[in-house]
Structure formats: C-alpha cells, structure tokens
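> just coords:
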C-alpha cells in the first residue's frame, strides 16, 4: 500500500494482489481479495483501513461536522422516557438519563406511584465492557420471568450480533456474569420461572441453528438441544405467545415458514409442528383462546388471517377465515385481543392500521373491518406495546416526515384517541414549518413508483434546490415516511428529502417485492434513477445538486446506481453497502449467504450467476466518471462484511476517471449499525451531512 502522509489531498492506494475466485461458470480475478481478513488481525489490512480513515478525516476537516453534531443532539431530550405499559403486575418503561448513552429498563409495581426498580441499566453494563477493553455495547432482548423475579438479557460487546445471554435475580440484584455465548437476541421463559429457551449460533456462518433449553443454575455446557435447524436457508427464533400459554420456535426463509409450539407449563417442553413448511408458503401464528390465529399467504399472495383450533392446527381444511385476502391491501403484521384483531397493513403504499372486531364466538361475522384515520398525505402507523388481551384499547405509534413519533391509545369501540406522548424536539421546531407530499412516478416500464417528499415550507419548485434521495428496495422491507429530527439540519439548509419506494420493498404488496428480487432486481435500480429524473424534471431539484443515500441492501442500490446513472448524481452516501454480490453469494461460509439465495439467486445456477454479475457493483466498476462518494463500513459487521465496501473503494480509486471526492469511513469498534450509544451514533450522521453540505460549498 502506498501512503502519501505529506500530501493531504492524495488518497491511499491499495496494492493489487491478484487472486482467482472460482465458480462453476468460470473464474474471476480479484486484485483486492487480500483485504479480506476474517480474524481482523492482519497488520497490512489494518494499516490500509487506518490510512483511509486518516484521509477521510483530512478531507472533512473543519468545524462543520461538530456544528452539525451539536445541532442534532441539541434537539434531543436527554432525560427522556417511553410510555409505560402494564404486564404481569408491573408498569414497565425505558428511560434515559442526561449525558448517558444507553437505556435504563425499569418498572414500578402495581401503580406508577410505586418505587422504581431498575431492571437493567445499559450504562452500567457498557461501563463493565469498557473496563474489559470492549468499547461497543448493545443491549438486545431483555425478558422477565412470569413471576417477575428473574431477568434474562442478551448483550453484544463487539457489534457482530453474537450475543451473550446472562441472568439477573431481580430480588437480590445479582447478575450471573458467566455468559452463554454466541446466541441470537431471542429468549423465551417457560412458566416454571426457571427454564429459558435460546438459540445458539454457528460460530462461522453466525446462523442460529440450535434451540437449547437452559435451567437456572445449571452448567450451560450441558444444556439440551430441543431443536436443530438443518436447512440453512431458514432463520430460527424463539418467542412466547401473548397469552403466555405457549412457546414458539419459528423458522423463516424468504419464501417459506414453519412454526413449532409447546405448552409453556409443560416441564418437558415437548414441541409439535404446527404445519410443515412448504415451498412458497409463509405463515406466522399467535394464540387466542381456543384457537391459533394464522397470518398466511396460502391462496392469498397479500396474506389473509385464518384461525385453527388448538387441537388440530395442521388441517387446513378446517381453518376459518377471519380477514380475507385483498388485492389492494397487504397484511404485514397483526396483534390479537379478546374482542378484536389489529392489523398492520400496506395500502396505497402507506403503512396503516385496520381493526377487525370479533364476535362473541371469536369470529368476524357481521363486524366490518375499518381503518384508523390519519390527516396527512404520507405517514406511517405501527402497532405498539399491547401486552393485554382483555382490553378495548389499542396502543399504536404514528409518524410522518413532519410529525415526530407519537404514541396513542385508541378505543376501538368509540374511535376516541388519546395522545400519550409525542417525541420532543428541543429548540425552535414547528411542524407547520415543513411540508410533505406523496406522489407517483412512472418508471420506464410503466409501473407507478410511490415517492414521499418533505421540504421546508416556502420552498419553490424552481429547479434550484439540492435533493437527497433515499432508497432501500430489498427483502420486502418498506421504507416508511418517518420523522427524523436530525434531518432538519438539511431541510433548514434548503434540501428537499425524498424516499423512493422502489420495487423490492413491499409498500404495494407482495408483487412489488417479487418484482424487485432475483431476476427482477434491476427494477429497483431503474426505479430509483427514474424517480430522480422525474423530480428534477418537475423542478424539485437542481440537476447538479442531487445526492443519493442508502444502507446495506440500500447501499447496493445506490452503488449499482453509481455504475448505471452516475451522471444523475452529484454525490452518493453508501452506508455499509453490499457490493461484492457474486463473490459473497458463492461463499457459503460467509454469514447470511445461504439464507439469501431466494432473495438474490444462487450463483451456482448459471442464469443467476450471469444476472448477478451483470449488476454487482464491485464487478462493474469501469473507467468512467463517478459522483463524489462517502462509503461507510464497520470492521465487525456480520451482515455486510467490512471488506466488501473496502475492496469497492480500492477498485474505484484505480478505475474512476474523475477528480471527485471518494472517502471511506471504517468504524473500527462497531458492526452493521455503527456506534451503539444514543448520542454517539449521530457522529456518523453528522459526518454524512457534512459531506453533502461541503460538496455544495456550505460550511456552516
């Protein structure tokens, strides 16, 4: 590696060390494969990463980043708290203390006037990690036993999502510090208050493969295996039913599901298969009274809700329909109550909540479904914490591009809505100062792509504004029009912000997802570019001031766009981008690869190999002009390995024909989600915003 420390404008240059990457369909040469260091211990690799970080710091030097960071955190209420919810005799809530980075999970017995009990303090746990030289901390699942006396909690001290499971006696406050290591952030208590189910990971692929049963006080090395996942295309998890009568083992792949259930009162926890998995049948279950409620795409591409008697769940001929399939509405999730079912649905591209009342027999006969209303054109509603079955009140959250996240209690009988909390935004913030739009853009193949927009009121569509366009478009995950107080930094400096709801998400139902995966993946990229061109043609932005941003699979999106439509963008922020698609999908030792063949395609099959190769950003770097780019990654990332974006940047430096800025930020102590602290994570946001503004010559 060449280093030019005396020349701040000269970027690092990685050596080329050609290596053959074999495949059944021909070999490829990868000159930067050496930058893959699975042990994270190669001095040459670390030196290159540090040189890239140093170059990035030199090019972004100046007060702007700190100004933006202070602006962002200055809008946050430091001593904030969540809305309490009542469960098993306690009011539970999460709160933050001034100046501290991590949440405190607390409770009060019976009434909110009772003395506070700290269930777990993330700040104390993070401090223990720092004392041992571990700078990262993330608190995962934290579940209290049925009798309220024990806490099981999962912690990540690295950022690689290899959690450590520990237990706390909530009467004595003692934490059992010897962990059960390398587990998923899933656990479920049996009703004996002494038995816990958890999922152990494979140490290499990091896939959760073994559901184990632990008894408090026992040696974890002797924990019996209750279930082994033999099919590595599935993710495996454990969860307890809302009724607390059952424990479920869930198996979920891109196109298939299988659930197992056991009586939570059964000391042996004997699991039964609800319905064996079938190709292209996805389902999830919950328990309500004498039935299991099933979300299923059996003969229903956008899903429907069914119910089955507990004694004969696998007999689909006896299932009864509760909520019918609709071509214009996608059922994303649901929650059960004794007298109604709440559904999280996608309709018209937006996430909404609908209510299906239940009759005395638990069926839906004679009771029409209805939606919870909203007054804004673009918004997102989500089901919140609702641990009680015997209530007529639904708790949900609401957000839009102009409205901070707001929690409501909604009476399903009367329609009365009670505002419980709206996330505070400190400083001179007025939602009326901003305006949101929701419009449709015709893609090149005729499909209509939804777009959410926000800008400061008074904006004129005269083709002079800068635009930041965001997208994702994978896994059926929808990018909702959500509020961000950090984003105000850009809006107040004249930016228009747009979310392109491209194919590959599920905003418009399952067909929208299917049309953006496998051999249709390029639709995601073309949709994004077409949205950009349409917005500039309508005067929403100056064609020379358009920026693109996306993370993970959204990083793949904007990286592919950099190859396909570089002339349309002034700059690109690619956050932890999945860019070395072919090499990664050929390597089944890499975490997540086998889970994702149904998302991207298996390159051992020639048709998928050729298609993946035709758009893989790393493989398609060429001698052309590229926009200015800021690329981020985490050294310990388990979702997108750090070396993918690192190799991509090295190759871009070799081939690009322009003098535009290309920066790489490597977070050396974190993984896929970046820094773990509540405030620290905004350091990266401030860096990204500084990059955008500095590209436009804005320095304050």
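Nice, I can see it. Bear in mind the structure is a predicted one, so any value in this text is a computation, not a measurement.
> per-residue pLDDT, the residue at minimal distance from the centre of the chain?
A centroid search over the chain (Cα atoms, centre = their mean) returns residue 477, at 8.3 Å, as the residue closest to the centre. Note on residue 477: pLDDT of 94.
> for it, what are its contacts?
Shown in contact with residue 477 (Cβ atoms under 8 Å, 6 or more residues apart in numbering): 505-506. C-beta here means a position set from N, CA and C on the backbone, and glycine is covered the same way.
> so which helix or strand takes in it?
If you go by DSSP states H and E, residue 477 is not part of any helix or strand.
> what do you get for the one 3 residues further on?
With secondary structure defined by DSSP H and E, residue 480 is part of neither a helix nor a strand.
> Quick check: closest non-adjacent residue to it.
Nearest residue to residue 480, sequence neighbours excluded (Cβ to Cβ, 6 or more residues apart in numbering): residue 380, at 3.6 Å.
> Give me the buried stretch members for stretch 157-172, please.
157-168, 170 (16 or more other Cβ atoms under 10 Å).
> Among these, which one sits closest to residue 225?
Nearest to residue 225 among those, counting by Cβ to Cβ, is residue 165 at 15.4 Å.
> Go ahead and confirm the closest one touches residue 198.
Yes - with contact defined as Cβ atoms under 8 Å, residue 165 reaches residue 198; the gap is 5.6 Å.
> Excluding chain neighbours, what is closest to residue 82?
Nearest one to residue 82, counting by Cβ to Cβ, 6+ apart, is residue 94 at 4.6 Å.
> State the number of residues packed around residue 131.
Residue 131 sits with 8 neighbouring residues when counted by other Cβ atoms under 10 Å.
> mind listing what the residue nearest to residue 272 when sequence neighbours are not counted touches?
Closest residue in space to residue 272, ignoring its immediate chain neighbours: residue 261 at 6.0 Å, by Cβ to Cβ, 6+ apart. Residues near residue 261 by Cβ under 8 Å, 6+ apart: 246-249, 271-272, 274, 285, 292, 313.
> As TSV, those residues with pLDDT and distance to residue 581 would be great.
As requested, the contacts of residue 261 are exported to TSV (pLDDT from 0 to 100; distance: Cβ to Cβ, whole Å):
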residue	pLDDT	distance to residue 581
246	98	40
247	98	37
248	98	33
249	98	31
271	96	37
272	95	39
274	96	35
285	97	34
292	96	39
313	74	39
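> What are the boundaries of the strands in the stretch 551-700 of the chain?
571-575, 628-634, 662-667 (DSSP state E, counting those that start in this stretch).
> Out of the buried residues of stretch 157-172, the closest to residue 568 would be?
residue 159 (33.9 Å).
> who's in contact with that closest one?
Counting by Cβ under 8 Å, 6+ apart, residue 159 has contacts 136, 138, 634, 636-637, 669-673, 676.
> mean confidence for the helix or strand containing residue 489?
Per DSSP H and E: residue 489 is located in helix 488-491. Across helix 488-491, pLDDT averages out at 98.
> What is whatever helix or strand comes next after it packed up against?
The helix or strand immediately downstream of helix 488-491 is strand 496-500, counting by DSSP H and E. Under the contact criterion of 3 or more Cβ pairs under 8 Å, 6 or more residues apart in numbering; DSSP states H and E, strand 496-500 touches strand 448-456, strand 467-470, helix 522-537.
> mind listing what the first one pairs with, with the direction of each?
Strands adjacent to strand 448-456 in the sheet, as given by DSSP bridges, are strand 434-442 (antiparallel), strand 496-500 (antiparallel).
> Which of those strands sits closest to residue 222?
Per Cβ to Cβ, nearest to residue 222 of the strands paired with strand 448-456: strand 496-500, 50.0 Å.
> what does the average pLDDT come to for the closest one?
98.
> What residues of the helix or strand that that strand is followed by count as buried?
Sequence order places helix 510-514 as the next helix or strand after strand 496-500, per DSSP H and E. Across helix 510-514, burial judged by 16+ other Cβ under 10 Å covers 510, 512-514.
> Kindly report the same for stretch 483-498.
483-491, 493, 495-498.
> Which residues outside that stretch are in contact with it?
Outside stretch 483-498, the residues touching it (Cβ under 8 Å, 6+ apart) are 68, 71-72, 75-76, 399-405, 423, 425, 429, 434, 451-456, 459, 465-470, 531, 535, 540-541, 682, 685, 689, 692-693, 698.
> circling back to that earlier point, turn the strands of the stretch 551-700 of the chain into a markdown table, columns for distance to residue 564 and mean neighbour count.
Shown next, in a markdown table, are the strands of the stretch 551-700 of the chain (distance: least, Cβ to Cβ, whole Å; neighbours: other Cβ atoms under 10 Å):
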| stretch | distance to residue 564 | mean neighbour count |
| --- | --- | --- |
| strand 571-575 | 12 | 26 |
| strand 628-634 | 15 | 25 |
| strand 662-667 | 18 | 23 |
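> can I get the ones you listed in CSV with mean pLDDT and distance to residue 618?
Output for the strands of the stretch 551-700 of the chain, formatted as CSV (pLDDT from 0 to 100; distance: least, Cβ to Cβ, whole Å):
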stretch, mean pLDDT, distance to residue 618
strand 571-575, 98, 12
strand 628-634, 97, 12
strand 662-667, 97, 14
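> Quick check: which of those is nearest to residue 616?
Once those are compared by Cβ to Cβ, strand 571-575 is nearest, at 14.0 Å.
> Please report how far residue 47 lies from residue 653.
16 Å (Cβ to Cβ, to the nearest Å).
> Now residue 520: phi and psi?
phi -110, psi 10 (degrees, to the nearest 10).
> Please read the previous query as pertaining to residue 24.
Residue torsions, per degrees, to the nearest 10, at residue 24 are phi -60, psi -10.
> neighbours of the closest residue in space to it that isn't next to it in sequence, just the number please.
Using Cβ to Cβ, 6+ apart and skipping residues adjacent in sequence, the residue nearest residue 24 is residue 604, 5.7 Å away. By the criterion of other Cβ under 10 Å, residue 604 has 14 neighbours.
> Isn't residue 604 up against residue 587?
No - assessed by Cβ under 8 Å, residue 604 is found out of contact with residue 587, at 11.4 Å.
> Isn't residue 566 up against residue 624?
Yes - with contact defined as Cβ under 8 Å, residue 566 reaches residue 624; the gap is 6.5 Å.
> Tell me which of the two has more neighbours.
Legend: neighbour count by other Cβ under 10 Å for residue 566 and residue 624, higher for residue 566 (17 against 13).
> Who are the contact partners of the more buried one?
By Cβ under 8 Å, 6+ apart, the contact set of residue 566 is 624-627.
> what's the answer for residue 349, then?
So residue 349 contacts 438, 450, 501, 507-508 (Cβ under 8 Å, 6+ apart).
> Residue 63 and residue 632, how far apart?
21 Å.
> And the helices in the stretch 1-150 of the chain?
In the stretch 1-150 of the chain, the helices defined using DSSP state H, counting those that start in this stretch lie at 43-59, 64-73, 122-131.
> Outside of the strand of greatest length in the chain itself, list whatever touches it.
Taking DSSP state E as the criterion, the chain has its longest strand at strand 175-189. Residues outside strand 175-189 that contact it (Cβ under 8 Å, 6+ apart) are 140-141, 143-146, 150, 152, 154-156, 161-169, 195-201, 203, 208, 214, 220, 223, 236-240, 247-248, 264.
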